[in-house]
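Engineer: predicted model and sequence follow; I will ask about them next.
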Amino acid sequence: MLQKGTGVFSFAIRILSLECEWGLAIRCTSEKATILMERMPTAQKQQGNPPCPNNDTITRPSVHARVNSKISGTTCVNTSQHGSSLLWEIAPEESQFQLDEENMSFIIPQNGQYFLYSQVTFSCSRCNCEESICCGKKAKGAKTVWQKIGYKLVGYPEPSDLIISVSSINETKSLKSLYLARIMTLSKGDKLLVYVSNPALVQVDVRYTFFGAIACVFKSL
């Protein structure tokens with residue numbers, strides 16, 4: 001039996017006493033953990049696998065989407081005063097989240113706090129930087145590129161900007177990845193979008209451009 005004085009036991013109890021805001025939600029008491037630790041196989045003790053049974057965990061809604069391949073160097077999509085909205089694709093197994101009819105927005109499935117993240121990679125190879133006009137914008141020489149996460153609240157259709165990342169790109173620095181992340185409290189039915197400055201320069205590859213959300217803490221409906 002594992003003694004209470006050992007470092008492994010102390011570490012296990014410390015882990016089990018935390019309420020993880022990121023969705024692990026392990027909620028065993030110290031007494032329950034002691035019983036479970038005593039019953040664990042030796043191999044499981046050594047590897048540090050959590051002893052909490054599966055019914056003590058909470059499944060948190062999450063989504064990791066890839067940019068829609070319909071975006072191309074000759075097509076501008078959903079341009080507004082906020083920028084051009086990227087289109088997204090979600091795997092069927094991530095059905096906790098849904099896209100709107102235009103495939104632009106994530107629809108929040110449940111009230112709570114969410115960790116939001118987005119990466120957009122711009123590349124001059126997607127649209128020749130020597131051209132004078134690229135997707136309605138001048139492309140010659142150095143240019144400013146940006147991406148931002150926006151949101152629409154239930155009952156208020158006008159989008160608002162949340163966070164933005166800005167950089168420059170030119171013929172000698174032809175590839176640039178911009179990353180954003182933030183925690184935000186959202187309500188069921190709210191929508192999240194990603195806007196970009198130059199959709200024709202977006203690298204349409206799941207490794208370079210993606211958008212996601214992970215539920216951290218739920219609130220009562």
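Structural biologist: Good, I have the coordinates. Numbers count the residues shown, from 1 in each chain.
Engineer: what about the helices in the protein?
Structural biologist: 7-17, 30-39, 42-47 (DSSP state H).
Engineer: give me the contact list for stretch 102-112.
Structural biologist: 61, 63, 65, 68, 78, 85-89, 96-100, 114, 152, 185-193, 211, 213, 215-221 (CB atoms under 8 Å, 6 or more residues apart in numbering). Backbone N, C-alpha and C define where each C-beta goes, glycine included.
Engineer: which of those residues are buried?
Structural biologist: 61, 63, 65, 68, 78, 85-88, 97, 99, 114, 152, 186, 190-193, 211, 213, 215-217 (16 or more other CB atoms under 10 Å).
Engineer: residue ranges with poor pLDDT in this protein?
Structural biologist: 1-58, 70-82, 125-142, 171, 218-221 (pLDDT under 70).
Engineer: let's see that with 50 instead.
Structural biologist: Applying pLDDT under 50 to the chain flags the ranges 1-56, 72-76, 126-127, 130, 132, 135, 220-221.
Engineer: show me where it has strands.
Structural biologist: For the chain, the strands defined by DSSP state E occupy 62-67, 79-80, 83-85, 88-89, 98-99, 106-107, 112-123, 133-134, 137-138, 143-153, 156-169, 175-186, 191-196, 210-218.
Engineer: hey, what's the closest residue to Gln98 other than its chain neighbours bridged with?
Structural biologist: Counting by CB to CB, 6 or more residues apart in numbering, Gln98 lies nearest to Ile107, which is 4.8 Å off, once chain neighbours are set aside. Here Ile107 sits in beta bridges with Gln98, Lys191, as judged by DSSP bridges.
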